[in-house]
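Colleague: have a look at this prediction, sequence included:
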Amino acid sequence: MVEIPPESKSAIDTEATFAQLGSGNKPSDQDKAKHPTMHKTNSVDYLVVISGEMWMIMEEGEVLLKAGDCIVQRGTNHAWKNTSDKPCLLAAVLVDAHPAP
């Protein structure tokens, strides 16, 4: 489970966040231009929105996910953006994998 606070109520220190997670998949400058946390993962992720809502930003386009929605993220470039005034609670299962090229 992970709770994502509204972006208006939190400041994201991208470098510190990725360092704390032990992730080597830090966003490039080009990725950061789209969103500060745009990144790839070494996993296939299955996520379900438990409460709240969250925008999933992808290479092309964005999708608004609301409570009950689920998504499978296959290691492609993405970011999460909570533009609401409430936290978004996600349930996530991550399976180790090689990132997409």
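Modeller: That came through fine.

Colleague: so Thr41 versus Glu3, what's the distance?
Modeller: Applying C-beta to C-beta, to the nearest Å, the value for Thr41 to Glu3 is 19 Å. From N, CA and C alone the C-beta is placed, and that goes for glycine too.

Colleague: look at the two and report which has more neighbours.
Modeller: Taking other C-beta atoms under 10 Å, Thr41 and Glu3 do not tie; Thr41 has more neighbours (19 against 12).

Colleague: tell me the phi and psi of the residue nearest to the more buried one when sequence neighbours are not counted?
Modeller: Excluding its sequence neighbours, the residue lying closest to Thr41 (C-beta to C-beta, 6 or more residues apart in numbering) is Gly75, at 5.5 Å. With angles defined as degrees, to the nearest 10, Gly75 shows backbone torsions of phi 80, psi 10.

Colleague: for Gly75, grab the count of nearby residues.
Modeller: The burial count assigned to Gly75 is 17, neighbours taken as other C-beta under 10 Å.
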